[in-house]
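Undergrad: Whatever this is, show me its structure:
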Amino acid sequence: MNIMKEQQVRVNVRTPWDSDVEAFLAAVRERVNFDSMMVGVFNAKRPNLDEVMVCHNMPEDTVRQWIETGFSDDEVLKDCMRVGSVSAESSRTGWLDRTGALPKWLSYNLISSCAVQPGCWFAITGRSASPFTDQDTHSLTLMLRTWESRFNRPKEPDMCRLMVGHDDRLIYTDPQGEQTLLDCRITVGQIMDELRATMAQRWPDFEDRVLHDVALELSGKPWWIRFRRQRAVNDKMAVYWYIEMRPLESDDLATVGVVPDERIARAVGYIHDNYNKSPNLNTVAGCVQISPFHFHRLFSKQVGVTPKQYVLQKQIQMAKWMLRSSNAPISNIAKETGFASHGHFTSTFRRFVGISPTEYRQNNSPF
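TA: Numbering: from 1, shown residues only. Below you'll find the predicted structure:
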């Protein structure tokens, strides 16, 4: 029973920007039955395909055409923009029903963002079995407001959350994060230039919906950046980036951008993806096909610390984040960051940080 409850909670907290679309759809279906759904954050004056976060059972060609030319002519959407939510037969939309592939009934839900960007959180939900009831429409509006609120108010006070379009256009960010970037004089173009150059070296076979992370220096300060490339429609114009940025302490983790040797770059990427396995020198050197002795010398010169030191830095940096941002037991954090035992984790953490994991959590956790 406890396991079932835990799984239920995990499903319920899913959001449209999650990589697991099926889990997100399951969370919505717990409240409202539907056959198709599209969710996005649209600039109402000039919508773009990369502003679509979820597109489930909606004909992609129809969605493209609706955004390009039909968005302004959709009569149901016009009603929705006036009152916030509308349910109607799909034939009333004109553009969306041109292919005849949509369910008979649609619910449109829209809320204007309270953030600085001119974005509207928007959802179209469809089903064929029956019209949407007032309760269904109200539930969909509440979910839309919940997603917007979660994006605008990250649990971690120092985190910036961004959605960036295929053309490096800022689609959306949380208000506090936007202020942080302004204060630190960091632009979206600067973030994406550094991220793309680093990513191309470390993950040459980069795939959509796979979470990676880097530690980079931006405007003279170290940042930890987690990111995914996503798209809801199979089109290069539909690509958007989900990005989380957190400031790093100066001694947290060596910042490493583009390096002279791409093999060393791939090794850094391997460590970030596999720190929880505590990879040793031979393993990391083997993944880039360099002898351990030669690899140790190249890595230390280009990264500034030895491979073993970098692995430990990464493990401790992740442990500090988990201690700050969750209530997970310390023994679980030790295991998830690749330490053989609770005792080994505690002694290593104290050596790096100067205090125990328990003391660090007491001093830094908001819980």
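Undergrad: Just say helix, strand or coil for the residue nearest the centre of the chain.
TA: Centroid check for the chain by C-alpha atoms, centre = their mean gives Tyr242 as the closest residue, at 4.2 Å. Judged by DSSP: H, G, I helix; E, B strand; the rest coil, the three-state class of Tyr242 is strand.
Undergrad: gap between it and Thr180?
TA: 17 Å (C-beta to C-beta, to the nearest Å). Every C-beta, even on glycine, is put in place using the N, C-alpha and C of the backbone.
Undergrad: sorry, back to before: next one: the residue nearest to the centre of the chain, what pLDDT does it get?
TA: pLDDT, Tyr242: 97.
Undergrad: now it, which residues is it bridged with?
TA: Bridge pairing for Tyr242 (DSSP bridges) gives the partners Met163, Arg228.
Undergrad: in this structure, which spans are strands?
TA: Along the chain, the stretches classed as strands by DSSP state E are 36-43, 52-56, 85-89, 105-112, 119-127, 160-165, 170-173, 212-218, 221-230, 240-247.
Undergrad: Ok, which of these comes nearest Gly286?
TA: With C-beta to C-beta, the closest approach to Gly286 among the strands of the chain belongs to strand 212-218: 20.7 Å.
Undergrad: now the angle from the closest one to strand 221-230?
TA: In terms of direction (axes from the mean of the first three to the mean of the last three C-alpha atoms, to 10 degrees), strand 212-218 departs from strand 221-230 by 140 degrees.
Undergrad: Starting from strand 212-218, tell me which strands it pairs with and how they run.
TA: Counting by DSSP bridges, strand 212-218 is paired with strand 221-230 (antiparallel).
Undergrad: quick revisit: let me have the strands of the chain in TSV, extended by distance to Thr62.
TA: Shown next, in TSV, are the strands of the chain (distance: least, C-beta to C-beta, whole Å):
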stretch	distance to Thr62
strand 36-43	10
strand 52-56	10
strand 85-89	16
strand 105-112	13
strand 119-127	11
strand 160-165	21
strand 170-173	22
strand 212-218	33
strand 221-230	21
strand 240-247	20
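Undergrad: Quick one: closest of those strands to Cys184.
TA: Short answer: strand 221-230, nearest of the strands of the chain by C-beta to C-beta, at 6.3 Å.
Undergrad: how close does the closest residue to Val239 other than its chain neighbours sit to Ile186?
TA: Nearest residue to Val239, sequence neighbours excluded (C-beta to C-beta, 6 or more residues apart in numbering): His166, at 4.1 Å. The spacing between His166 and Ile186, counted by C-beta to C-beta, is 20 Å.
Undergrad: picking that back up, could you point out which of the strands of the chain sits nearest Thr198?
TA: Comparison of the strands of the chain against Thr198 by C-beta to C-beta identifies strand 212-218 as nearest, at 5.4 Å.
Undergrad: now the closest one, how far from the chain's geometric center?
TA: From the chain centre to the centre of strand 212-218 is a distance of 15 Å (C-alpha atoms, centre = their mean, to the nearest Å).
Undergrad: Likewise for stretch 120-139?
TA: Taking the mean of its C-alpha atoms, stretch 120-139 sits 26 Å from the chain's own mean (C-alpha atoms, centre = their mean).
Undergrad: list the buried ones in it?
TA: Within stretch 120-139, the residues scored as buried using 16 or more other C-beta atoms under 10 Å are 120-127, 132, 136-137, 139.
Undergrad: ok, and the closest non-adjacent residue to Thr69?
TA: Closest residue in space to Thr69, ignoring its immediate chain neighbours: Trp95 at 7.5 Å, by C-beta to C-beta, 6+ apart.
Undergrad: was I right about the one you found contacting Glu68?
TA: No: judged on C-beta atoms under 8 Å, Trp95 makes no contact with Glu68 at a distance of 9.8 Å.
Undergrad: out of these two, which sits in the busier spot?
TA: Using other C-beta atoms under 10 Å, the more surrounded residue of Trp95 and Glu68 is Trp95, with 21 against 13.
Undergrad: how near is that one to Tyr108?
TA: 13 Å.
Undergrad: And Leu218, by the same measure?
TA: Counting by C-beta to C-beta - Leu218 and Tyr108 are separated by 39 Å.
Undergrad: quick one, what contacts the residue nearest to Val239?
TA: His166 makes contact with 50, 236-240 under the criterion C-beta atoms under 8 Å, 6 or more residues apart in numbering.
Undergrad: go on, Gln309?
TA: Shown in contact with Gln309 (C-beta under 8 Å, 6+ apart): no residues.
Undergrad: quick revisit: spatially, which two of the contacts of His166 are the most separated?
TA: Greatest spacing in the contacts of His166, by C-beta to C-beta: Lys236 and Tyr240 (11.3 Å).
Undergrad: who's more crowded, Leu218 and Tyr108?
TA: Neighbours were tallied for Leu218 and for Tyr108 using other C-beta under 10 Å; the higher tally belongs to Tyr108 (26 against 21).
Undergrad: Please tell me I have it right and the more buried one contacts Val76.
TA: Yes: if you go by C-beta under 8 Å, Tyr108 and Val76 touch, sitting 5.5 Å apart.
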